[in-house]
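[1] below is the structure, and that's it, no one-letter string:
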DNA sequence: TCGCGCAGTCAACGGTTGTTGGCCTACATT
DNA sequence: AATGTAGGCCAACAACCGTTGACTGCGCGA
């Protein structure tokens, strides 16, 4: 018989079902309020299955969080367009498939959970900083600029999708790109 | 005898002790993880006293959250200095007495708790929007500009004090004022 | 001096959580 | 057909949560 590593094991379906359910619940409720029972119910399996596959709630969270910002390749982008491109990119990410935006799930959880907070730091360092570094030369300067950029972009995610401040929610994407784009641009090349 | 409303009742000391302890625990742990038992322990009283004085955990939270941004009177401030003044003000608030920064306590809780989120909306509408409105004329425009300002200022609080992204933490106050001040300035008068 | 009310203590309740182990079923191999 | 094993379910555990109510002691007014 074909080795197991190649065959699609019967349990793989359940595994991905749990993972998908976990992403949905963690994103909607944050780490604390998303219970294993609720995740299992959403995946239509028994709570004990979660433990069998992922060991613990923390293990499940670690497996479910796979934040890939999918930052675009900026090498071909006009230097003066970078700010707008970045803002547009994040707005599209956040307003796409709700089960997809792992960043919001991480953000909600990181407010209280320490493991999520460290994961957030790692995502920032390993994904956003390099992109900024590819634009500015100096590495130390790049992380500083990336920090400022994160403060504005995460602040936008916070006020628009988590706190849902009415005026921020009401603003159209085009307006946001027009207003916040220049801010990012200045933090990047200023 | 002097009426009760004037006399300092013996229970007032306990009441304020609970309130202070609640602010500390809620700020450090957020609504969910801050347990009544932990708050009572910090105030060195029995958990049931919390219920006696504030009815429920939600009641305690509502009483403990008294967010006064203490926004400065901007009528005498030079128009072109407004951005820097606001950033300076918030940085000083957040880095003062840890038991004092109710905004961070609210921010941590609002990520998951719905009552805290609505309180955050109210704070924004009743305190930040009027200040912005006193600078720009139009009311609708004021709330939009206030939304943009909140996205940057709350994003700063988030990345610096909650997520604690290393580069953002490392930046000095003067640098932050110099970099973020102009952003606020443009959102305010742009 | 005698009650009466207030501040505070103590133990317990019911509910929910993460987690565990035993049991059953269905399928693949011999 | 017999059998071993992986996948799945059920019931229960211990811990912790918010919350309740009965009890104790103390100080003030009559």
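    Sure thing, it's come through. Computed from a predicted model, the values in this text were never measured in an experiment.

[2] near DNA strand D, which residues of chain A are found?
    A:9-11, A:13-14, A:45-49, A:52 (Cβ under 7 Å from any atom of the strand). (C-beta placed from N, C-alpha, C; glycine too.)

[3] tabulate those residues (JSON lines), appending pLDDT and secondary structure.
    Below are these laid out as JSON lines (pLDDT from 0 to 100; DSSP: H, G, I helix; E, B strand; the rest coil):
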{"residue": "A:9", "pLDDT": "62", "secondary structure": "coil"}
{"residue": "A:10", "pLDDT": "66", "secondary structure": "coil"}
{"residue": "A:11", "pLDDT": "73", "secondary structure": "helix"}
{"residue": "A:13", "pLDDT": "86", "secondary structure": "helix"}
{"residue": "A:14", "pLDDT": "91", "secondary structure": "helix"}
{"residue": "A:45", "pLDDT": "95", "secondary structure": "coil"}
{"residue": "A:46", "pLDDT": "96", "secondary structure": "coil"}
{"residue": "A:47", "pLDDT": "97", "secondary structure": "helix"}
{"residue": "A:48", "pLDDT": "96", "secondary structure": "helix"}
{"residue": "A:49", "pLDDT": "96", "secondary structure": "helix"}
{"residue": "A:52", "pLDDT": "95", "secondary structure": "helix"}
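
[4] type out the ChimeraX command that picks the buried ones from these.
    With 16 or more other Cβ atoms under 10 Å in any protein chain shown as the criterion, this ChimeraX line picks the buried residues out of those:
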select /A:14,45,49
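
[5] out of the residues of chain A next to DNA strand D, flag the one nearest to residue B:161.
    residue A:47 (35.4 Å; Cβ to Cβ).

[6] now the closest residue to residue A:128 other than its chain neighbours: which helix or strand?
    Distance criterion Cβ to Cβ, 6 or more residues apart in numbering or on different chains; nearest residue to residue A:128, sequence neighbours excluded, is residue A:146 at 5.0 Å. Per DSSP states H and E, residue A:146 falls inside helix A:139-157.

[7] identify each buried residue in the helix or strand that that helix is followed by, please.
    Once the chain leaves helix A:139-157, the next helix or strand it forms, by DSSP H and E, is helix A:166-170. Neighbour-count burial for helix A:166-170 flags A:167-168 (criterion: 16+ other Cβ under 10 Å).
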